[in-house]
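A.B. asks: what follows is a predicted structure for the sequence shown.
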Amino acid sequence: MGAGGVLAFGGLNLLNASGGSAARPGGTAVRYPLRRLAVTTPGALRAAPGYVDIGGGTSVGALLYNGSTPGPLFAVQSGASVEIPFTNALADPTTVHWHGLVVPTAMDGQPQDPVAPNSSYTYAFPVNQRAGFSWYHPHPHMLTSSQVAYGLAGGFVIRDAEEDALGLPSGAYEVPLVLRDANIDKAGNLAYNGTASGFTGKVLLVNGTRDPYLATQPAVHRFRILAGSNSRVFRLALSTGAPFTLIGNDGGLLPSAAQVSEIEVSPGERVDVIVDLRAAAGTTVLLRDLNSGWTILELRVDNAPPVAGTLPPGTLSTIVPLGTPSTTRTFSFDGMTRINGRLFDPDRVDFTVPVGEVEDWVFTTNGNAPHPVHVHGASFQVMARTGGRNRTFPWESGWKDTVLLADGETVRVRIRFALTGRYLIHCHKLEHEDAGMMANFLVV
Ligand code: C2O
Ligand code: CU
Ligand code: CU
C-alpha cells in the first residue's frame, strides 16, 4: 500500500449507515466506552494490517502496532534501558520514531534508516530524561502521513522520582488520551486522502474509540493528551467552563501549575491537565474541541461520594533557563513543502550545530500555516512569539519539542544538544513533512 493507496485484504465488515458520522456536540451521538490504553514495559513491536473495533462492534481495517491503534502504551522509569525488537509486516518500508525521546541517530527512526517489509530491526536506547508523555510513530520517507493516518502511533510515558513525589492522580484516574481524526471508507477501512495542504478526517478517534465516553467517579483526574492528528489543530475546553489545571507538556512538568480554560494543541504536541471532578457527582462533563465543535470525550460521573484526592501544588518543578545563545539561526517555513527554500533531501545535510552550545532558532512562515515545528534530538525552551497571536502560552513554558507556528508569526526557541549525530527539523503537519518541509542537520 502506497501513499493514497487502499488497504487490500478480505473479510471486510461494512460500517452501518451511521458509522461514519462525526461525534456531534452536546453528547447527542451514540457513544461507546473509551478504550483504556494498556500500559506495558517496552518490548516487541510489530506493524501489520488488521482489524480493530472502534466502538459498538464496528470493525475497521487499519494498520496496527501489536494489533491495536494506538499501539501499546509503553511506560518506563527514567534511567531505564529499553530494547524494542521491531518487525515490519507492512507492504511498505517503515521506521519507528520515538517522538520526544532523545536517542542516538541509529535509534531515531529517521527516513534514512528504513526497515524493509518482512524484516526486523531492534531499537535499543537508554532513557536519560525527565518524566513526560512522548509517543512513537512511523517516519519513512514520504510515507509518514499515510502510515500514521492508517493507524500507526502509540504513547510512551517516562516516570521519575520528582514527578512521583507529587502524588498526581494515578491508576484509573490517570487517563492518557490519544486524539486523532480519521476517515472511514465504504468498505469499512480507515481511508487516507491527504494532499500537500493537509488531511482532515470526519471522525474523531480517542484511544481508537469513536464518540467515546468514560464512566468514572467523582475524583481528581489527570488527562495526558496527545494531538496525534496528521493536520488538525484542537482547541480543548470543558463544557462546564471550568479551567483545566495545566501541569505539563511535551517535555514533562511545567515550572508551575496554570489555570487555563482553553488549550490549543497541534499535531505532535502533548498537554498534561488535572480536572477536579469531585463536585461533579451525577453529572456529565464534556471535553470539547472548540475548533471543530466536537465532543472529544463525555465524562459520565457516578452519583457517589467524592473520592479522596488532592490537587497538585502550585510549584511543580524547576526549569533552568538555557542561558545566552552563541548563534541565531532562522528557518523560514515556505509554502507547504520547503524550509529556507529547499525541499527535503535525505542525502543532504543543511547545517551543523556544535554539541553543548546554546542557540536560538527562529521560525518564520510566509503562509500556509499552521506549521507545528518539531525538532529531533533535543527539547527547547520557547522564548517569544511575535506577529499573529503575539504571545506565548502557559502550555509553551518548560520544555517543548513541537511548537505551533501560525500564519504571520515568528517564534523564537532556545535549544542545546547533548548528543552528536544526524537529526531532523520539520513541520509536523505530516502532509507538509512528506512533501519536503524537513531538513537534516548534524550535531558535532
Ligand atoms: Cu513526531 Cu520527526 O516526528
Ligand atoms: Cu520527533
Ligand atoms: Cu507545515
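C.D. replies: That came in fine, so what should we check first? Ligands and ions are numbered 1, 2, ... in the order given.
A.B. asks: the lengthiest strand in the chain pairs with which strands, parallel or anti?
C.D. replies: Counting by DSSP state E, the longest strand found in the chain is strand 174-184. Here strand 174-184 has these sheet partners by DSSP bridges: strand 190-191 (antiparallel), strand 203-206 (antiparallel), strand 220-227 (parallel).
A.B. asks: list the residues that contact residue 244.
C.D. replies: Residues near residue 244 by Cβ atoms under 8 Å, 6 or more residues apart in numbering: 236, 238, 259-261, 263, 273-275. (C-beta placed from N, C-alpha, C; glycine too.)
A.B. asks: dump those residues into JSON lines; add secondary structure as well.
C.D. replies: Converted to JSON lines, those look like this (DSSP: H, G, I helix; E, B strand; the rest coil):
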{"residue": "236", "secondary structure": "strand"}
{"residue": "238", "secondary structure": "strand"}
{"residue": "259", "secondary structure": "strand"}
{"residue": "260", "secondary structure": "strand"}
{"residue": "261", "secondary structure": "coil"}
{"residue": "263", "secondary structure": "strand"}
{"residue": "273", "secondary structure": "strand"}
{"residue": "274", "secondary structure": "strand"}
{"residue": "275", "secondary structure": "strand"}
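A.B. asks: list, out of those, those positioned next to ligand 3.
C.D. replies: Residues of these in contact with ligand 3 (Cβ under 5 Å from the ion): none.
A.B. asks: of those residues, buried ones?
C.D. replies: 236, 238, 260, 263, 273-275 (16 or more other Cβ atoms under 10 Å).
A.B. asks: taking the residues you listed together, which two end up most distant?
C.D. replies: 236 and 274 (13.3 Å; Cβ to Cβ).
A.B. asks: if we can go back for a sec, for the strands paired with strand 174-184, which one sits closest to ligand 3?
C.D. replies: strand 220-227 (14.2 Å; Cβ to the ion).
A.B. asks: what's the mean pLDDT across that closest one?
C.D. replies: Mean pLDDT, computed over strand 220-227, is 98.
A.B. asks: give me the neighbour count for the closest residue to residue 208 other than its chain neighbours.
C.D. replies: Nearest non-adjacent residue to residue 208, counting by Cβ to Cβ, 6 or more residues apart in numbering: residue 69, 4.8 Å away. Counted by other Cβ atoms under 10 Å, the residues lying close to residue 69 total 27.
A.B. asks: and residue 69, what does it touch?
C.D. replies: Neighbouring residues of residue 69 by Cβ under 8 Å, 6+ apart: 52, 62-63, 151-153, 205, 208.
A.B. asks: from the residues you listed, which ones fall inside strands?
C.D. replies: Checking those against DSSP E, those in strands are 52, 62-63, 205.
A.B. asks: kindly indicate which of these lies nearest ligand 1.
C.D. replies: Each of the ones in strands among the contacts of residue 69 was scored against ligand 1 by Cβ to the nearest ligand atom, and residue 63 proved nearest at 16.4 Å.
A.B. asks: who does the closest one form a beta bridge with?
C.D. replies: In this structure, residue 63 bridges to residue 49 when assessed by DSSP bridges.
A.B. asks: begin at 45 from here
C.D. replies: Taking 45 as the first residue, the last one we looked at is residue 107.
A.B. asks: count of residues packed around it?
C.D. replies: Neighbours of residue 107 under the rule other Cβ under 10 Å: 27.
A.B. asks: isn't it up against residue 197?
C.D. replies: No: with contact defined as Cβ atoms under 8 Å, residue 107 does not reach residue 197; the gap is 9.9 Å.
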